[in-house]
Every structure is written in C-alpha cells, then in structure tokens.
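1. Provide a 3D model corresponding to the input given below.
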Amino acid sequence: NGAVVKIYKYTIDFAAVTSWTVTGMSSTGFIACDSSNNIIISSFADSLIKKYSNSGSFVSEFTVLGGAANNTFALDSSNNHYLSNSSSLRVYDSSGVLITNVSITAVLASNNFGILTIAGAKIYYAAYVTSSGNDRIAELTLGGVVSDTFAVDGAAGGNVNHICGIANDGTYLYTYSHYG
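-> Below is the predicted model:
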C-alpha cells in the first residue's frame with residue numbers, strides 16, 4: 001500500500017533525537033518498551049511484532065495469531081507480550097512462542113473492543129461493549145485466568161459508557177471515556 005512506518009525517538013523534553021524506518025510493515029499498531037529498553041512495535045494488519053534496539057537496530061520479529069482482529073498490546077515485567085481482541089487474550093513469550101490463548105468472550109460479552117494494562121501479577125482488560133453500553137473490566141492472572149469482573153457504571157462520578165483507555169499506577173486503575 002506504499003505506507004512508510006517509522007519510529008521516532010525524543011527526549012523527555014520533546015527534542016527530536018533520531019528516527020528510523022521499519023521495513024516489512026504496512027501499518028502500525030502499538031508501541032512499548034521492554035525491560036531492556038528495546039522498542040517493541042506491532043502491526044496487526046501484518047500480524048507482526050518487531051523488536052528494535054533503542055538505537056534503531058533490528059533485533060527480531062515474530063508472527064502473531066489474529067492479525068487485524070488484535071486491538072491491544074502490552075508487555076509485563078518479564079517481557080511477555082499480551083495481545084487481545086474482542087474474543088481472546090493471547091500471551092507470547094519474548095521470542096514469540098505462544099504461551100496461552102484464553103477466550104474472554106463469555107466473561108465480558110460479545111461485540112466488544114478491549115484495551116488492557118498490566119499491574120504486578122494482574123491483567124486488567126477493559127471492554128467497551130458496543131451492543132449494550134455496559135462497559136466492564138475483567139481482572140485476570142498473567143496466565144489469562146479470569147479472577148473477577150465488574151461493571152464500570154460511573155460509581156466514581158459520571159456516566160461511563162465507552163471506555164477508550166485504561167492505565168494503572170500500581171495502586172489505582174484509571175479509565176477514560178468518550179461520553180463520560
């Protein structure tokens with residue numbers, strides 16, 4: 001399709017440092033840094049995960065299941081890769097070996113768009129349930145076992161009916177909504 005995928009590096013003061021072109025990808029997905037400061041990027045259209053050193057040297061790549069259906073990506077402290085879509089959570093080790101593939105449809109409902117964050121030994125998967133507006137967050141172990149779910153009903157104030165992001169600071173979960 002002629003798309004050019006690039007990685008840009010900035011200082012924390014927003015000064016441009018360098019950039020490099022990523023080959024073999026026709027689109028972008030998500031970006032993360034692993035515990036060795038490597039840059040991990042995903043292209044769900046190409047079903048690829050690529051790793052670059054923080055200086056721009058290519059390190060490795062691997063193919064993932066689900067392709068364009070994957071809509072979120074995160075790393076844990078062991079550099080395992082977590083990818084999810086509307087029906088499953090897949091966990092790969094840092095070399096691309098599939099560790100687990102867990103169905104999450106029954107837990108959260110069908111027709112959802114999810115995003116995730118990892119806090120210690122738990123995964124929090126937030127699902128925007130397009131068919132009902134009943135957004136939910138599921139708590140899972142790093143192995144993908146669901147330990148709890150709860151509806152996000154705006155108990156902390158406001159009406160939450162379209163979760164667009166989730167993050168954590170080790171103590172609290174934060175979400176944001178288009179319509180809250």
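2. so which strand or helix has the spatially most central residue of the chain?
-> Ranked by distance to the mean C-alpha position of the chain (CA atoms, centre = their mean), the top residue is F73 at 2.1 Å. In this structure, F73 is located in strand 72-75 according to DSSP states H and E.
3. Report all helices and strands that that strand contacts.
-> In terms of contacts (3 or more CB pairs under 8 Å, 6 or more residues apart in numbering; DSSP states H and E), strand 72-75 is packed against strand 31-33, strand 39-43, strand 81-84, strand 112-119. Placement of C-beta: from N, CA and C, glycine included.
4. closest to V4 out of the ones you listed?
-> Of all the helices and strands packed on strand 72-75, strand 39-43 sits nearest to V4, with 12.6 Å by CB to CB.
5. neighbouring contacts of the closest one?
-> The set of residues external to strand 39-43 that reach it, using CB atoms under 8 Å, 6 or more residues apart in numbering, is 5, 7, 22, 25-34, 48-54, 64, 70, 73, 75, 81, 83.
6. Show me which of those residues are buried.
-> Buried members of the contacts of strand 39-43, counted by 16 or more other CB atoms under 10 Å: 5, 7, 22, 25, 28-30, 32, 34, 48-52, 64, 70, 73, 75, 81, 83.
7. Which stretches in the protein count as helices?
-> Assigned helices in the chain, in chain order: 105-108 (criterion: DSSP state H).
8. quick one: low-confidence parts of this protein?
-> Low-confidence segments of the chain (pLDDT under 70): 1-3, 66-71, 86, 104-116, 127-134, 151-165, 167, 169, 175-180.
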